[in-house]
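**Q** Quick one, what's the 3D model for this:
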Amino acid sequence: MKYLLDTNAWVGFFEGRDGFGRHARQKMEEQPASCGISLASVWEAAIKVGLGKLKLAYDLEKDLPRLVERNGFHFLGLELGDAAAVQALEQIHRDPFDRIQVCQARRLGSTVLSSDPVFEKYGLKRIW
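**A** Numbers count the residues shown, from 1 in each chain. Predicted coordinates:
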């Protein structure tokens, strides 16, 4: 099984944040090679850091690749099909980062590890 890590999942995991979903943590620790982080999610985090809405204990460009590799995860690139699929995606909500991750998760047949229940509204399985 493949897992797409939403921004709150990988940030919470790397930061050791309180309230982190124990089921999500279990999947990330037991099946790290099956865990992917969308570059759209990294982009979202970078925007939030730049706006001062997210504080991280590490630098996204310098340290995140090392953290991802050390934990056995991998990055998921964006494909043209993912971006194009957004145009036909149900209008459940407007967050562009969630919407592209929905398209990626559908293409890959991934379960989303996230605290956000919106992914279930798109018919995806979510674990937290």
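**Q** roughly how far apart are the residue nearest to S38 when sequence neighbours are not counted and K55?
**A** Beyond its immediate neighbours in the sequence, the residue positioned closest to S38 (CB to CB, 6 or more residues apart in numbering) is L76, lying 4.7 Å away. No exception for glycine: its C-beta is placed from N, CA and C like everyone else's. Relative to K55, L76 is positioned 25 Å away (criterion: CB to CB, to the nearest Å).
**Q** same check, this time on T7
**A** Computed with CB to CB, the distance linking T7 and K55 is 14 Å.
**Q** the more surrounded of these two?
**A** Each of T7 and K55 had its neighbours counted (other CB atoms under 10 Å), and the higher figure belongs to T7 (23 against 8).
**Q** which residues does G52 contact?
**A** G52 makes contact with no residue under the criterion CB atoms under 8 Å, 6 or more residues apart in numbering.
**Q** Just the pLDDT for it.
**A** According to the model's per-residue confidence, G52 sits at a pLDDT of 98.
**Q** Please apply the same query to the one 5 residues further on.
**A** The model reports A57 with a pLDDT of 94.
**Q** can you check the one 3 residues further on too?
**A** Predicted confidence (pLDDT) at L60: the value is 98.
**Q** Near it, how many other residues are there?
**A** 16.
**Q** which non-adjacent residue is nearest it?
**A** By the measure of CB to CB, 6+ apart, the closest residue to L60 outside its immediate chain neighbours is A46, 5.5 Å from it.
**Q** does the one you found count as helix, strand or coil?
**A** Applying DSSP: H, G, I helix; E, B strand; the rest coil to A46 yields a three-state assignment of helix.
**Q** on that earlier part again, verify the stated contact: the residue nearest to S38 with Q104.
**A** Yes. Taking CB atoms under 8 Å as the definition, L76 is a contact partner of Q104 at 6.0 Å.
**Q** Lovely, talk soon.
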